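quick one, structure for this:
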Amino acid sequence: MRWTAAFCVCLTFTAIGQVRRPGLDVQDAARTFEDLSALILSNDRLSLTVLPEGGAMVQLTLAGDPEQISPLWNPYRIAREAGLNRPTSFSRGHFVCVDGFGPVSPEERAAGLPMHGEAATLPWTLESQQKQAGTSSATFSVTLPLAQETLTRTFRVVDGENVVWVDSELQSLLSFDRPVFWGEHATISAPFLEPGTVVVDMPATRSKTKAHQALPTRQLPSFVDFTWPMAPTVDGQRFDLRSAPMKPNTTDHITSLLDPSQRLGFVTALHPEKKLLIGWVFRREEFPWVQTWLSFPGPNRMTRGLEFATQPFDLPRADVLRAGPLFETPVFRILPAKSTITSSFLMFYTRVPDGFQKVDAIELESGKLVIEDRTGRKTITLAASRGL
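Take a look at the predicted model:
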């Protein structure tokens, strides 16, 4: 395949709702996503859209794709096509949940702390953007006034690569050590996500359903251990979580512990009919858990979270601390006093060859990202100039 070169490699904000690219006037350079100000990083392989509002990665498309299919969750499109009101939540695409992942306690709510932490709800400041030696990058920062932390995040795309590199620093403004709760809420949705078609893979060793009240909207029993990907159902059947033929008007949530023998963890979603594969690769020591959120409110409105995190379930921080370790594995990170911790991951998006069925292993080494389907005896090799 011959790839068509994309532009928009170096963007700067000029005013609210506007983005300036050298050589273009403001009107031509304006970039928005669903009427929101946006920044676009592109190379000859893919294009990524990032919102300064909450720092979410909301659109990812391949160069030369006539359909411009983005796997990332677009709740605005889902609501529009369903004839519903425009969503008011900050949840969309891939957004970061820090400091906090899940609901808040009544006391935290009274103090103004939002669900999933402050980072996804605040405007981020564009600190720098550049293109240098074939790498386009944008660095944002946001101060979390309630958590007393500062998050700095850099997005990079490198010419010739189907990869987005994301590096983050979380700095404490406090004078004591503290537990940190951090989730990367990677989320896919319709129209890419289709029941019974898209398959999800990860190197999971042990899994557990989330505790819940028995409701008709739940297909899985409460707080039950199982071996990925076959989960028990409330009616005594088995449910293949790789490809979820979900029933409409259902919601479920499970966690999976990633293989502790592997330095890198991953989670992928494959559309075998469209021959498209999206995936995330990250340091397993930073994010040992992948939470699977399954939401299917109706036709063409299916959403699935592939959320790699420091904790097994999205719960108030006090509940996570009281519950303690799960499967002998920690459920938070420590942020030392007046110090900074980091995280790094990559997101890739690529076409796959005929017959590619599943992802069994991913290796990142020697400038290559190697993705193996051992069942179909297929291998994809992508250029990957950086490491994790």
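
what lines up beside the longest strand along the chain in the sheet?
The longest strand of the chain (DSSP state E) is strand 340-351. Next to strand 340-351 in the sheet, as set by DSSP bridges, lie strand 163-172 (antiparallel), strand 276-283 (antiparallel).

do you know which of the ones you listed lies nearest His185?
Nearest to His185, of all the strands paired with strand 340-351, is strand 276-283, at 11.2 Å by Cβ to Cβ. For the C-beta atoms, the positions are set from N, CA and C on the backbone; glycine is no exception.

just checking, what packs against the next helix or strand after that closest one?
Going down the chain from strand 276-283, the next helix or strand is strand 289-296, by DSSP states H and E. Other elements packing on strand 289-296 under the criterion 3 or more Cβ pairs under 8 Å, 6 or more residues apart in numbering; DSSP states H and E are strand 250-258, strand 303-309.

out of these, the one nearest Pro216 is which?
Taking Cβ to Cβ, strand 250-258 is the member of these nearest to Pro216, at 8.3 Å.

between strand 289-296 and the closest one, find me the angle.
160 degrees (axes from the mean of the first three to the mean of the last three Cα atoms, to 10 degrees).

ok, strand 250-258: who's next to it in the sheet?
Partners of strand 250-258 in the sheet, by DSSP bridges, are strand 204-209 (antiparallel), strand 289-296 (antiparallel).

isn't Ile78 up against Ile188?
No - counting by Cβ atoms under 8 Å, Ile188 is not a contact partner of Ile78; they are 11.9 Å apart.

shared neighbours of these two, anything?
Shared contacts of Ile78 and Ile188, defined by Cβ atoms under 8 Å, 6 or more residues apart in numbering, comprise Thr303.

ok, the closest residue to Leu315 other than its chain neighbours - how many residues close by?
Nearest non-adjacent residue to Leu315, counting by Cβ to Cβ, 6 or more residues apart in numbering: Gly102, 4.7 Å away. A count of nearby residues for Gly102, using other Cβ atoms under 10 Å, gives 20.

ditto for Thr152
Neighbours of Thr152 under the rule other Cβ under 10 Å: 19.

so who does it touch?
Thr152 neighbours (Cβ under 8 Å, 6+ apart): 127, 139-141, 168-169, 171.

most tightly packed of the helices and strands packed on strand 289-296?
strand 303-309 (a mean of 24; mean count of other Cβ atoms under 10 Å).

show me what it is packed against.
Counting contacts by 3+ Cβ pairs under 8 Å, 6+ apart, strand 303-309 packs against strand 183-185, strand 187-189, strand 264-271, strand 276-283, strand 289-296.

among the ones you listed, which is nearest Thr381?
strand 276-283 (12.9 Å).

with just CA atoms, put the closest one into CSV.
This file holds the C-alpha atoms of strand 276-283, laid out as CSV (Å, rounded to 0.1, in the frame of the first residue of the first chain):
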residue,chain,number,x,y,z
LEU,A,276,-8.0,-2.8,11.6
LEU,A,277,-6.1,-3.2,14.9
ILE,A,278,-5.7,-0.7,17.8
GLY,A,279,-3.6,-1.4,20.8
TRP,A,280,-1.9,0.0,23.9
VAL,A,281,1.5,-1.1,25.3
PHE,A,282,2.7,0.0,28.7
ARG,A,283,5.0,-0.9,31.6
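
what's the average pLDDT for that strand?
Averaging pLDDT along strand 276-283 gives 98.

what about it, distance to the chain center?
9 Å (Cα atoms, centre = their mean, to the nearest Å).

contacts for that strand?
Strand 276-283 is touched from outside by 60, 62, 69, 71, 184, 186, 188, 192, 263-271, 306, 308, 343-352, 356, 359, 362, 364, 369, 371, 380, 388, with contacts defined as Cβ under 8 Å, 6+ apart.

now with 7 Å, please.
Residues from elsewhere that reach strand 276-283 (Cβ atoms under 7 Å, 6 or more residues apart in numbering): 69, 71, 186, 188, 264-270, 306, 308, 344-352, 359, 362, 364, 388.

pull out the buried residues from those.
Buried members of these, counted by 16 or more other Cβ atoms under 10 Å: 71, 186, 188, 264-270, 306, 308, 344-350, 352, 359, 362, 364, 388.

and the contacts of Thr152 as a markdown table, adding pLDDT?
Below are the contacts of Thr152 laid out as a markdown table (pLDDT from 0 to 100):
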| residue | pLDDT |
| --- | --- |
| Glu127 | 97 |
| Thr139 | 98 |
| Phe140 | 98 |
| Ser141 | 98 |
| Ser168 | 98 |
| Glu169 | 98 |
| Gln171 | 98 |
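
which of the residues you listed lies closest to Lys210?
Ser168 (26.1 Å).

what number of residues are in the vicinity of that closest one?
Neighbours around Ser168, by other Cβ under 10 Å: 21.

that one and Phe239, how far apart?
34 Å (Cβ to Cβ, to the nearest Å).

which residue packs closest to Ala384, ignoring adjacent ones?
Leu369 (4.0 Å).

tell me which residue is most central in the chain.
Nearest to the mean C-alpha position of the chain, by Cα atoms, centre = their mean, lies Ala186 at 1.7 Å.

touching, that residue and Ala309? I think so.
No - Ala186 lies out of contact with Ala309 (Cβ atoms under 7 Å); the separation is 10.0 Å.

related to what we said a few turns ago, wait, which of the strands paired with strand 250-258 is closest to Arg178?
Using Cβ to Cβ as the measure, strand 289-296 is the one of the strands paired with strand 250-258 that comes nearest Arg178, at 19.7 Å.
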